[in-house]
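Curious how this folds, go ahead:
(chains A and B, ligands or ions: 1)
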Amino acid sequence: MTDRLPGFSTLAVHAGAQPDPTTGARATPIYQTTSFVFNDADHAASLFGLQAFGNIYTRIGNPTNAVLEERVAALEGGTAALAVASGHAAQLVVLQQLLRPGDEIIAARKLYGGSINQFTHAFKAFGWNVAWADPDEIESFERAVTPHTKAIFIESIANPAGSITDIEAIAAVARKAGVPLIVDNTLASPYLIKPIDHGADIVVHSLTKFLGGHGNSLGGIIVDAGTFDWSKDNKYPMLSEPRPEYHGIRIQETFGNFAFAIACRVLGLRDLGPALSPFNAFMILTGIETLPLRMQKHCDNAKAVAEFLSTHPAVSAVNYAGLPGDKYNALQRKYAPKGAGAVFTFSLKGGYDAGVNLVSNLKLFSHLANVGDTRSLVIHPASTTHSQLDDAAKVKSGAAPEVVRLSIGIEDKEDLIADLDQALRA
Amino acid sequence: MNHDAYDDNYIRSILNNVKSIAMVGASPVNVRPSFFAFKYLAQRGYDMIPVNPGHVGKALMGKPFVASLADIDRPIDMIDIFRNSSHIMPVVEEALKLSPLPKVIWMQLGARDDAAAEKAEAAGLKVVMNRCPKIEYGRLSSEISWMGVNSRTLSSKRAPIPTQGMRLSLNRTSFGGGQTAASDRAAKNKTETT
Ligand SMILES: Cc1ncc(COP(=O)(O)O)c(C=O)c1O
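Numbers count the residues shown, from 1 in each chain, chains lettered A, B, ... in the order given. A predicted model of the protein is given here:
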């Protein structure tokens, strides 16, 4: 008998969650506890020494969070995952495993503005240098490779403009350079794009967005594809060298194809500390159960709204990869055929002021700094998320002064179009 | 036999049916992967035999090391080879001289020798390559899910209780609590006096 491979929607509901062994509870219980008793002294020593699988302390692992981890690992087609407190925490923990002071990461210039800040300022202070490359020009990644390069970082669908990245082309650059490709898959979610199928070695998410999906809980996750050989060339001592924290264990040798996820847990999360609350894990898990339904509705609504805007007299341009004439339409049909996501930007003929007016005239869209909520959201990046960037960097990351970003929710599309229409006319 | 991907049922039937496991290349050093796997499998009730000529005279979890498979005094169901791919063939050849024959040859994570596998399979043995029995046991028992690992299993059945310490037991030592009847009575007395 051959094992049956469950479909995406089945995994979204079931992966990682079995009835509770003790009580039989069918929904995943919230294990709201800091710590877990040991059976005896030897069991405690085995757990601390990484010899046994089990729970110690919620900063290192928690049974509710573990269900979320397995669920997302299954949806992404990875070997294992680690949930953390936010998307930003995921990025921090990943890079801590890979970079030493003086090392470099090549990052796509089109990233969430907060990530550009994190890389430019916070990581710089750790001695981790970033080289920016243009995802629309693959050679710019190749040119950026140096002997100090330790990883390449891109977004599958980039925030804010919803542009689609040629993951396979950049994966080829990473392979040639002998470094892992990290893909932030937040805006696509694995329902639209599974970066591991296209060559990603590590996937990160802000669970805060479409995976949780209801705008109620922060969270982040790191998924290990199990594809990268960390011990080749000794470039990644956190994984290949004996770890003094654990009496000389080598993480890759001991944990094989899920070593990266374990390193993130036992070296990253344990020592840096950004643990996810089990309550948030529960909320996000509940959200994930309806991910396929929500994501399709998000995409279908977004396409209808983008079509409406593209013919509106007040609008000078719409950047939505799902529109036939869009620059990224070919990449969208290749990487995300089910839909182009629900976050995109458009430009107003009236410039900066028209952007500010639009935001204040909308009645159904909420003006706030988030994406991937059931509710439709709007923001003017130039005055908010991307305000710390200088003007040139604003334009390069897709946040010029006349640009407005939408995150389309799962309301009735007719109501969203009516709200935009009245606000554009007001 | 496809050695690139094993069905869960194949691995499950091996782990359910073998009782004794000789671990070739077992190490007494407690940070080596072989030590982890040896201890884990011993705790799951397998009859474990450490094989390593360099450590004869010592013991691993109370089990004395033997120098070679031929030195084992009882039938072995499975041979778990903790050696590099280049050292697999001689171990398999030695295993095929045993009587009775073992039922399973298992090569550790990272180890693979297709010629050795073919030889063992021709003699009727089952073969697993490039896997760790500890990880596979943990995966199929859902225990490894605690580490966020993708067990690639779904089930609507209550998970087996994975460690002995978690078994609900009447004999668990308890502290306080008192007699139900007495506390009922105390509660009753309290209400009556107020
Ligand atoms: C693409 C992307 N990555 C990462 C993040 C950061 O996630 P968090 O806010 O959960 O730290 C965001 C948040 O907006 C995002 O949109």
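
contacting residues for whichever residue of chain B sits closest to the ligand?
Closest approach between chain B and the ligand, counting by Cβ to the nearest ligand atom: B:Gly148, at 18.1 Å. To be clear about C-beta, it is placed using only N, CA and C from the backbone, and glycine gets the same treatment. Going by Cβ atoms under 8 Å, 6 or more residues apart in numbering or on different chains, B:Gly148 touches A:61, A:65-66, A:69-70, A:73, A:80-83, A:261, A:265.

Residues contacting whatever helix or strand A:Ala393 lives in, please?
In this assignment (DSSP states H and E), A:Ala393 forms part of helix A:391-396. Here helix A:391-396 makes contact (Cβ under 8 Å, 6+ apart) with A:109-110, A:116, A:381-382, A:386, A:400-401.

picking up where we left off before, let me know how buried the nearest residue to the residue of chain B closest to the ligand once chain neighbours are set aside is, in neighbour terms.
Spatial nearest neighbour of B:Gly148, chain neighbours left out: A:Glu69 (3.1 Å); criterion: Cβ to Cβ, 6 or more residues apart in numbering or on different chains. Neighbours of A:Glu69 under the rule other Cβ atoms under 10 Å in any protein chain shown: 32.

Kindly indicate whether A:Glu69 is helix, strand or coil.
Under DSSP: H, G, I helix; E, B strand; the rest coil, A:Glu69 falls in the helix class.

quick one: which of the contacts of B:Gly148 is nearest to the ligand?
Nearest member of the contacts of B:Gly148 to the ligand, counting by Cβ to the nearest ligand atom, is A:Ala83, at 11.5 Å.

Quick one: find the helix or strand in the chain with the lowest mean pLDDT.
All of this refers to chain A. helix A:391-396 (a mean of 81; mean pLDDT, DSSP states H and E).

not quite, I wanted chain B
helix B:180-193 (a mean of 46).

Low-confidence ranges, chain B, go.
By pLDDT under 70, the low-scoring segments of chain B are B:159-194.

Helices along that one, start to end?
Assigned helices in chain B, in chain order: B:8-17, B:33-43, B:88-95, B:114-122, B:133-140, B:180-193 (criterion: DSSP state H).

got it, and the stretch 51-200 of chain A?
A:63-76, A:87-98, A:113-117, A:123-125, A:139-144, A:167-177, A:189-192 (DSSP state H, counting those that start in this stretch).

For A:Asp353, which of the ones you listed is the nearest?
Evaluated over the helices of the stretch 51-200 of chain A, closeness to A:Asp353 peaks at helix A:113-117, with 21.1 Å, by Cβ to Cβ.

Is any residue of that closest one near the ligand?
Yes. Under the criterion of Cβ under 6 Å from any ligand atom, the ligand is reached by helix A:113-117 at A:114-115.

State the mean pLDDT of that helix.
Summarised as a single mean, pLDDT over helix A:113-117 is 91.

Over to stretch A:59-77?
97.

Could you do stretch A:164-180 as well?
pLDDT averaged over stretch A:164-180 gives 98.

Report the buried residues of it.
Within stretch A:164-180, the residues scored as buried using 16 or more other Cβ atoms under 10 Å in any protein chain shown are A:164-174, A:177, A:179-180.

which residues touch that stretch?
With Cβ under 8 Å, 6+ apart as the criterion, stretch A:164-180 contacts A:98, A:108, A:110, A:135, A:138, A:141-142, A:145, A:149-152, A:154-158, A:181, A:183, A:193, A:195, A:198-202, A:228, A:232-233, A:235, A:321, A:328, A:331-332, A:335-336, A:340.

and the most centrally placed residue in chain A, how far is that from A:Ser189?
Central residue of chain A (Cα atoms, centre = their mean): A:His205, 2.2 Å from the mean position. From A:His205 across to A:Ser189, the span is 8 Å (Cβ to Cβ, to the nearest Å).

Let me know the helix or strand that A:Lys338 is in.
Here A:Lys338 is assigned to no helix or strand, by DSSP H and E.

hmm, back to that, wait, the residue nearest to B:Gly148 sits on A:Gly78?
No. Counting by Cβ atoms under 8 Å, A:Glu69 stays clear of A:Gly78, with 9.8 Å between them.

any residues in contact with both of these two?
Residues touching both A:Glu69 and A:Gly78 (Cβ under 8 Å, 6+ apart): none.

So which of the contacts of stretch A:164-180 reach the ligand?
Subset of the contacts of stretch A:164-180 in contact with the ligand: A:Glu155, counting by Cβ under 6 Å from any ligand atom.

filter the contacts of stretch A:164-180 to the buried ones?
Counted by 16+ other Cβ under 10 Å, the contacts of stretch A:164-180 give A:98, A:108, A:110, A:135, A:138, A:141-142, A:145, A:149-152, A:154-158, A:181, A:183, A:193, A:195, A:198-202, A:228, A:235, A:321, A:328, A:331-332, A:335-336, A:340 as buried.

re the thing from before, sort out which one of the contacts of helix A:391-396 lies nearest chain B for me.
Chain B lies nearest to A:Ile116 out of the contacts of helix A:391-396, by Cβ to the nearest Cβ, at 28.6 Å.

Now do that closest one: how many residues are near it, please.
24.

ok, it - contacts?
The contact partners of A:Ile116, by Cβ under 8 Å, 6+ apart, come to A:389, A:393, A:397.

Same check on B:Leu41?
B:Leu41 sits next to B:21, B:23, B:48, B:133-134, B:137 when contact means Cβ under 8 Å, 6+ apart.

any idea how far the residue nearest in space to the middle of chain B is from B:Met129?
With distances taken as Cα atoms, centre = their mean, the residue of chain B nearest its centroid is B:Leu41 (3.0 Å). Using Cβ to Cβ, we find B:Leu41 at a distance of 18 Å from B:Met129.

Nothing else from me, thank you.
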